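Undergrad: Can you look at this prediction? I've put the sequence above it.
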Amino acid sequence: MKNLENKVALVTGAGQGIGRAIALRLANDGARVAVVDLKEEGMQAVADEIKAAGSQAVTFKADVSDRDNVFAAVEYAEKELGSFDIMVNNAGIASIQAIADITPEEFDKTMRVNVQGVLWGIQAAAQKFKQRGQKGKIISASSIAGHEGFALLGLYSATKFAVRALTQAAAKEFASDGITVNAYCPGVVGTDMWVEIDKRMAEITGAPIGETYKKYVEGIALGRAETPEDVAAFVSFLAGPDSDYMTGQAPLIDGGLVYR
Ligand SMILES: NC(=O)C1=CN([C@@H]2O[C@H](COP(=O)(O)OP(=O)(O)OC[C@H]3O[C@@H](n4cnc5c(N)ncnc54)[C@H](O)[C@@H]3O)[C@@H](O)[C@H]2O)C=CC1
Ligand SMILES: CC(=O)C(C)=O
């Protein structure tokens, strides 16, 4: 029997990058997966990949910053896949800006996606687990930037610290309902997000393209950039029964970059 046999998981931001790897991994672990993203193209390809491997998947287009969208995504996953057991609040955006230059617009946008998106996901999943009278797992994306503020990533870091705060509070509030709430804190993962970070850092600092990414990767003790699959393997643990006695935590999974 596979680890997540008979479980239904919803993964946001699952059309590419880390979310894609998580959706594929949870499906491989036996879960039926709702692939949720803002962009339609990637989502369908991920669902097709899951189906080709013999598992069940559905797609749902949602903007995680919209509370109604997130609640609708959870309803759809339960209706189409027949249960609801694991919520992965993975969707997030980068913000690369000097503290002195952060605008109210950038602040609102980044907070809406990275913080409200996670909050609505926690609310929608907890409500569904309680309605169904069952236990559940809520897992959200924080970051090394949720443990340490990085230059030019101050606003982004603030959103990822906030994810840890919501994780701790929700873990305490929902423990008596049998709901665990944890987060994962990746380091430098070679996805489109890092292409964007590197490009914006180059614009701001004058560093050549590729230089910032290279410098960050050089700081990793294990000597290589993280892959989306490295992150997905840890999320698989958080989604499965081996983490049943763990809640309110946000461990670093970064190859040795930030030490807490
Ligand atoms: N790439 C990295 O090095 C790290 C990433 N993270 C976090 O991991 C998560 C995934 O990151 P990546 O895969 O690298 O990013 P990515 O940019 O490659 O993919 C993000 C996905 O989220 C979707 N998305 C963005 N805004 C959305 C919204 N409002 N509603 C629904 N979907 C939305 C995008 O369409 C995209 O498919 C993010 O929360 C990020 O902050 C954390 C630490 C390191
Ligand atoms: C994208 C991200 O979270 C970092 C700090 O690499």
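TA: Nice, thanks for sending it over. Ligands and ions are numbered 1, 2, ... in the order given.
Undergrad: and the longest helix along the chain, does that touch ligand 2?
TA: The longest helix of the chain (DSSP state H) is helix 154-174. No: on the criterion CB under 6 Å from any ligand atom, helix 154-174 is out of touch with ligand 2, staying 6.6 Å away. From N, CA and C alone the C-beta is placed, and that goes for glycine too.
Undergrad: helices and strands around that helix, which ones?
TA: Helix 154-174 sits against helix 104-111, helix 117-132, strand 136-141, strand 179-186, with contacts defined as 3 or more CB pairs under 8 Å, 6 or more residues apart in numbering; DSSP states H and E.
Undergrad: Can you say which of these is nearest to residue 196?
TA: Taking CB to CB, helix 104-111 is the member of those nearest to residue 196, at 12.9 Å.
Undergrad: on that earlier part again, can I get the helices and strands packed on helix 154-174 in CSV including mean neighbour count?
TA: Below are these laid out as CSV (neighbours: other CB atoms under 10 Å):
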stretch, mean neighbour count
helix 104-111, 14
helix 117-132, 21
strand 136-141, 26
strand 179-186, 25
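Undergrad: So what would you say the end-to-end distance of stretch 135-150 is?
TA: Stretch 135-150 has an end-to-end distance of 36 Å (criterion: CA to CA, to the nearest Å).
Undergrad: rewinding a little: and the helices and strands packed on helix 154-174 as a markdown table, adding mean pLDDT and distance to ligand 1?
TA: Shown next, in a markdown table, are the helices and strands packed on helix 154-174 (pLDDT from 0 to 100; distance: least, CB to the nearest ligand atom, whole Å):
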| stretch | mean pLDDT | distance to ligand 1 |
| --- | --- | --- |
| helix 104-111 | 98 | 9 |
| helix 117-132 | 99 | 6 |
| strand 136-141 | 99 | 4 |
| strand 179-186 | 99 | 4 |
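Undergrad: List the contacts of the longest helix of the chain.
TA: The contact list for helix 154-174 (CB atoms under 8 Å, 6 or more residues apart in numbering) reads 92, 94-99, 102, 106-107, 110-111, 114-115, 118-119, 122, 126, 138, 140-143, 145-150, 180-183, 185, 247-250.
Undergrad: hmm, back to that, let's have the helices and strands packed on helix 154-174 in JSON lines, adding distance to residue 257.
TA: Shown next, in JSON lines, are the helices and strands packed on helix 154-174 (distance: least, CB to CB, whole Å):
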{"stretch": "helix 104-111", "distance to residue 257": "22"}
{"stretch": "helix 117-132", "distance to residue 257": "22"}
{"stretch": "strand 136-141", "distance to residue 257": "16"}
{"stretch": "strand 179-186", "distance to residue 257": "10"}
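Undergrad: now for these, which one comes closest to residue 69?
TA: Distance to residue 69, taken as CB to CB, is lowest for helix 117-132 among the helices and strands packed on helix 154-174, at 8.1 Å.
Undergrad: elements contacting that closest one?
TA: Using 3+ CB pairs under 8 Å, 6+ apart: helix 117-132 touches strand 8-12, helix 67-81, strand 86-89, strand 136-141, helix 154-174, strand 179-186.
Undergrad: ok, back up a step: quick one: is the longest helix of the chain near ligand 1?
TA: No: Helix 154-174 does not reach ligand 1 (CB under 6 Å from any ligand atom); its nearest approach is 6.8 Å.
Undergrad: cool, and stretch 218-228?
TA: No: figure legend: stretch 218-228 not in contact with ligand 1 (CB under 6 Å from any ligand atom); closest approach 6.5 Å.
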